[in-house]
Structures are given as C-alpha cells and as structure tokens.
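Novice: what shape does this take:
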Amino acid sequence: MDLSNSMKKTISSPLLTFFQKFIFAPLWIGGFGFGVLGLLKTGREEGWGFLIAWIVGSIFIYFYSIRLKKVQIDGQNIYISNYIKSISVPISAISRIDENIFLSGHPIFIKLKDKTPFGKTIVFNPKGGYYFRSHPVADELRSRINNTP
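Specialist: Prediction:
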C-alpha cells in the first residue's frame, strides 16, 4: 500500500472504528455493568467475580476500542480525528509504530514524539484483516518515518 502521494488517504477502517468505539464499547460496558449490578443486588457470591471481570474488561475495551481514532495520511502529515475534533501531525513527529497482531481489528499504535490533544499514542484499526503478521499499513508507516529527515 503506497501512502506517499499528496492526496489524503484514510488508513483506518471506518466501519470497524465506528462500530467498536460507538456501538460495541458502550453496549458491552453498559450491559455487562447492569448485569453485574443486578447480581450484586441479589447478594450472590458470583457477583464479585463478575464485577472484577467487568472492571478488567472495561479497562481493556477503553484501551482497544474507546481510544480508537480515524486516521488519514498524505505525503507530509497524518490527520487524526475522534469524530468531534481533528488534528494534523507531521510524519516527522512520529517516533515509532507498534501493532498488536493477535487482536481483532489488528490495532496499530502511532507513538508520537510530543504530546498532542489526543496524547502521545494514537490507536487505530487499519483497513483489511491481517492476523499473526505485520499489517502492510504498519510496514508502510515504519518505512515513511525511517525516510523522514
């Protein structure tokens, strides 16, 4: 995938990002949370185990779903949006690219040299599914930051 031209290209998955951020995360956190509250109200011992599972699951969902961003790129910048606010960051401001090849959506983590309004780490799900190997978008981004002065 060539990301080097001057036109903006969306490199995050629009459907998966929207679904995970705005549908899956609130439904799972809210639905599981209400279920846990119901169990705790009954006084059943299992409620405490489900409470722990809900807390751990909610933290995981925060880091891998709620923080997801829409990401675009052109020849010089990456454009990051949380659907309310958008920022532009020069490619030279990227320090490294990480990815999780084991999770659904194959999240890619853009590590920035300086803090932005979205923090120093930008998380997005790239287009297309690749499991257990590096995603072409991650490889292309790594190549771009290695060739940026």
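
Novice: can we go C-alpha only for contacts and neighbour counts from here?
Specialist: Will do.

Novice: and the lengthiest strand in the chain, what does it pack onto?
Specialist: Secondary structure of the chain read by DSSP state E shows that its longest strand is strand 108-116. Counting by 3 or more C-alpha pairs under 8 Å, 6 or more residues apart in numbering; DSSP states H and E, the packing neighbours recorded for strand 108-116 are strand 94-99, strand 119-124.

Novice: quickly run through the sheet partners of it, with directions.
Specialist: Under the criterion DSSP bridges, strand 108-116 sits next to strand 94-99 (antiparallel), strand 119-124 (antiparallel) in its sheet.

Novice: in that strand, what counts as buried?
Specialist: For strand 108-116, burial by neighbour count (16 or more other C-alpha atoms under 10 Å) applies to Ile108, Phe109, Ile110, Lys111, Leu112.

Novice: quick revisit: just so I know, which of the helices and strands packed on strand 108-116 lies nearest Ile80?
Specialist: Among the helices and strands packed on strand 108-116, strand 119-124 comes nearest to Ile80, with 8.1 Å by C-alpha to C-alpha.
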